[in-house]
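**Q** What follows is a protein structure lacking sequence information:
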């Protein structure tokens, strides 16, 4: 490769963006097909919206929403000239940062949508965040939502769908958990500790500060949260975070609330009612949770799958009722270390998102799979994967006979066996190396001798790999399944099929 | 809906962008699955690249490449501050305008890719173009390419894949055609008419002007092309386009060349060789076409499927050898008018696209499905489609019994029958209207009476629609398949299955 000739562009990706290759994508396709099947079984139908929206349509719901671009990739509307008012909502476009804001736009824009509108959507979203390990600026979400559903029965259904999806993907009971809380319960807590008038969705409010402290429970523990709620906390890094300034009694109330996650959903509701039932808003939230519990229990979704956890906050500011997180709890070990995948599903009820546009209340709820994070978990569970879809490589010893090689490939394909003819540069050694590199299990080899004898050679590369790796100590198995064999040309398809077990 | 409250954002899409709904998307999913299956059967594997790339990585291959943004949606790199040099290649990002430029980047960036690298990629691309009917700024391409394949056997394979894809999608022989030409043959023609030294890929060259004239053959006919090649042409609109200024003899050569498309591929090659064989470049191009012909013929791809058409130009400037177009020729009538779908597949060989980055020749070829245009054709062929995936709607007469309705839905789903419980607002009339609107064929109805009798009512909405539209004049059919029936609760699944024919 010519090293950095300044007249040539450098082949490079943008920071925080990445390419995905076959071994991952073949798994991802299966995963998406499985999720889609569950969504469709519940009657959700597909929707696709553009990557680009007007900035004001997306709204400012990201944590970075106080900056001008609000954490989104923004660009000028190409239909307006350079003199267009930069403060006009028509001047700026942005790449969507989630799939919920575009859904709200669609729900407001089309008068003739079915109601309820139950849709799923899968696609990339983009956020200007600091990239890190496993943290990208482009990532795929796979959402399902019901728009126009006032009853929290729809929220109970969301929990069921989440469980069904995770089980369809191969996670057994006990290997995942769906955690549920309710923004109204959280608001009840805030009322009880003296922030009744505060706007829970205003990031600069004291109430939001308390929520952010609670949201850190996983990382800093109850002791850390207590400090953040009170005078403040010294990070291990040496930085001091000023606390919310609650007095001890209030801190105890919050701590007791956070501990209200008990194995029994009904008992959790009782405990929450005890602590925050004095707030009408909180009592309403607990009543909603009780209805969700009843429907889940009747449908057989017990506390081994869905628990109530008052510490669940969820970041996005638009949630108004029940909120959900689906977590993988299965122990997954990679290179001797236990990997934590945490939340792969998140969602909640957002009754005001369509109202932003129309002024009319349109209750809605749903959840979203973080496809990339879930894929990481699936990869570790899937075991060996290969970079190829081909079952056979038809090698080319004599390029003047390509018509014969193409004919072999065609016969295999017609029999449903994916295969390819080697059309690159290099001799048989390089061709076999290619098959090895991509994990193609069988090589078909034929030259002058085979053509004149009416035969083909078949090389079992999977076996060859096993032999060369010295794992094939079973001589009988080796004798029955030789790494290389010669078959009559007419038996090509049958022999390959036998070798790949197709 | 509150009419345009200035404090509310307006629910609107960006010009040239659109939303896609279930009826189209369910068909699109099937289409994409079918295309993917053919690609995979040939051993192509998936790749995904980011939506955003550095502008210099994409290169300037669009017709609008003389403007600063070059026809792309560009934005500033958010990792650089406002003082970054606007002329630096790191300062600007852009949404990809095709999937080939990112593939070339990938092929140059990763040293350990398998060679050949055979990949497919499906995804949206974005271009700042004037939107029009059926012309969008965001559209989906579905590409397959082989990188590292010097032999035009790979180009013959591209033609085979294109045919196989169109047949897998339901187009029979004679309902589509793949047209092939060769940039080298085109260059031979230009040499013969006196533009031998011209850069065919420089949009401002005389050679490019001749090509653009040829490219208009479909629209303005041979007479029009002759005028554009000579003194110029008066458009029907009254505008005069200055011609390329060729003399009569040269115009005749070009006209004869364009007429060289004959039913027989070998004869077309003979005719081209006659006209432009004096150019070594042209002769090389004809020889390549002869090899492609031989391989296609041996594999049974006759001139009823793949023809050689010297008038095929293809727009993108990076092609260097064979170029391909797949066209739907099936007569499709919509509202009494014949619809032309034209080119749904396009591609060609591009041996210098990776070299842009590395300085090393990496021969590559492939083609791309225009998914949106093909979908338009498929829609007209598909007949009636519905907006739902559900086979049954479980209506809700008594919200306090939602556990029972959920249980019915679960039984149906467990039996593989997609269904949904109505969770919106409104009574039975509104619920049945919802099923009608979305095309759900069966409604399950149960209230106090049914619960106490252990029955459910099933309403055949498809039949109901047929009856109300007065198409069901066959009384017997009506008697055998009544629009409404009562079945024991325990027979719910069997009865619904029978009604939907699942």
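**A** That came through fine. From a predicted model like this one, the values you see are computed outputs, not experimental measurements.
**Q** Return the set of residues that bridge with residue A:345.
**A** Following DSSP bridges, residue A:345 is listed with bridge partners residue A:326, residue A:369.
**Q** Check the spacing between it and residue A:312 real quick.
**A** Between residue A:345 and residue A:312 the computed distance is 12 Å (Cβ to Cβ, to the nearest Å). (C-beta placed from N, C-alpha, C; glycine too.)
**Q** tell me, what's touching those two both at once?
**A** With contacts defined as Cβ atoms under 8 Å, 6 or more residues apart in numbering or on different chains, the residues adjacent to both residue A:345 and residue A:312 are A:324, A:325.
**Q** Check the average confidence over stretch A:35-51, would you?
**A** When pLDDT is averaged over stretch A:35-51, the result is 97.
**Q** Any residue of that stretch touching chain B?
**A** Yes: part of stretch A:35-51 sits near chain B under the criterion Cβ under 8 Å from any Cβ of the partner chain, namely A:36, A:40-51.
**Q** Give me the buried positions along that stretch.
**A** Of all the residues in stretch A:35-51, those buried under the rule 16 or more other Cβ atoms under 10 Å in any protein chain shown are A:35-36, A:38-51.
**Q** List just the nearest of those residues to residue B:361.
**A** When the buried residues of stretch A:35-51 are compared for distance to residue B:361, the smallest value, 34.5 Å, is given by residue A:51; criterion: Cβ to Cβ.
**Q** and of the buried residues of stretch A:35-51, the nearest to residue A:73?
**A** Of all these, the one with the least separation from residue A:73 (Cβ to Cβ) is residue A:51, at 9.7 Å.
**Q** ok now do that closest one, which residues does it touch?
**A** Residues in contact with residue A:51 (Cβ under 8 Å, 6+ apart) are A:95, A:96, A:123, A:124, A:126, B:51, B:95, B:124, B:126, B:138.
**Q** Report the next helix or strand after the least confident helix or strand in chain A by mean pLDDT in sequence order.
**A** Of the helices and strands making up chain A, the lowest-confidence element is helix A:475-480, at a mean of 51, by mean pLDDT, DSSP states H and E. Note on helix A:475-480: by DSSP states H and E, the next helix or strand toward the C-terminus is strand A:484-488.
**Q** what angle separates the following helix or strand past that following strand from strand A:484-488?
**A** Per DSSP H and E, the first helix or strand lying C-terminal to strand A:484-488 is helix A:492-500. Computed with axes from the mean of the first three to the mean of the last three Cα atoms, to 10 degrees, the direction of helix A:492-500 lies at 150 degrees from that of strand A:484-488.
**Q** Tell me the helices and strands packed up against helix A:492-500.
**A** helix A:402-414, strand A:442-445, strand A:455-460 (3 or more Cβ pairs under 8 Å, 6 or more residues apart in numbering or on different chains; DSSP states H and E).
**Q** Go through it and flag the buried ones.
**A** Applying a neighbour-count criterion of 16+ other Cβ under 10 Å, the buried positions in helix A:492-500 are A:492, A:493, A:495, A:496, A:497, A:499, A:500.
**Q** low-scoring stretches of chain A, by residue?
**A** Applying pLDDT under 70 to the predicted model, the residue ranges of chain A that meet it are A:1-6, A:61-70, A:198, A:200-201, A:203, A:316, A:466-482, A:502.
**Q** I'd like to know how far the residue of it positioned farthest from its centre sits from chain B.
**A** Counting by Cα atoms, centre = their mean, the extreme residue of chain A relative to its mean C-alpha position is residue A:452, 54.7 Å from that point. Residue A:452 sits 19 Å away from chain B when distances are taken as Cβ to the nearest Cβ, to the nearest Å.
**Q** List phi and psi for that residue.
**A** Backbone dihedrals for residue A:452, given as degrees, to the nearest 10, come out at phi -70, psi -30.
**Q** Equivalent analysis for residue A:432, please.
**A** Taking degrees, to the nearest 10, you get phi -70, psi -30 for the backbone angles of residue A:432.
**Q** Could you report the neighbour count for it?
**A** Using other Cβ atoms under 10 Å in any protein chain shown, residue A:432 has 20 neighbouring residues.
**Q** Give me the nearest residue to it, chain neighbours excluded.
**A** Here the nearest residue to residue A:432 in space, its sequence neighbours aside, is residue A:443; by Cβ to Cβ, 6 or more residues apart in numbering or on different chains that works out to 5.9 Å.
**Q** Specify the beta-bridge partners of the one you found.
**A** Each beta-bridge partner of residue A:443 is listed here, defined by DSSP bridges: residue A:393, residue A:459.
**Q** Report the contact partners of it.
**A** Taking Cβ under 8 Å, 6+ apart as the definition, contacts of residue A:443 comprise A:392, A:393, A:395, A:431, A:432, A:435, A:458, A:459, A:461.
**Q** Neighbours of residue A:98, how many?
**A** Using other Cβ under 10 Å, residue A:98 has 18 other residues around it.
**Q** Now do the SS call for it.
**A** With DSSP: H, G, I helix; E, B strand; the rest coil as the basis, residue A:98 sits in coil.
**Q** Who is the nearest residue to it once chain neighbours are set aside paired with across the strands?
**A** Once flanking residues are discounted, residue A:98 sits nearest to residue A:125: 5.3 Å by Cβ to Cβ, 6+ apart. Per DSSP bridges, residues listed as beta-bridge partners of residue A:125: residue A:139.
**Q** residue contacts, residue A:125?
**A** Counting by Cβ under 8 Å, 6+ apart, the residues that residue A:125 touches are A:95, A:96, A:97, A:98, A:99, A:138, A:139, A:140, A:141.
**Q** Tell me how far it lies from residue B:128.
**A** Residue A:125 sits 22 Å away from residue B:128, going by Cβ to Cβ.
**Q** Let me see the backbone angles for whichever residue of the stretch 1-150 of chain A sits closest to chain B.
**A** For the stretch 1-150 of chain A, the residue positioned closest to chain B under Cβ to the nearest Cβ is residue A:43, at a distance of 3.0 Å. Backbone geometry at residue A:43, expressed as degrees, to the nearest 10, gives phi 90, psi 10.
**Q** same deal with residue A:168?
**A** Taking degrees, to the nearest 10, you get phi -60, psi -30 for the backbone angles of residue A:168.
**Q** Am I right that it is in contact with residue A:39?
**A** No: with contacts counted by Cβ atoms under 8 Å, residue A:168 stays clear of residue A:39, the gap being 10.2 Å.
**Q** just to revisit the earlier point, could you check how far the residue farthest from the centre of chain A is from residue A:267?
**A** In this view, residue A:452 and residue A:267 are 82 Å apart by Cβ to Cβ.
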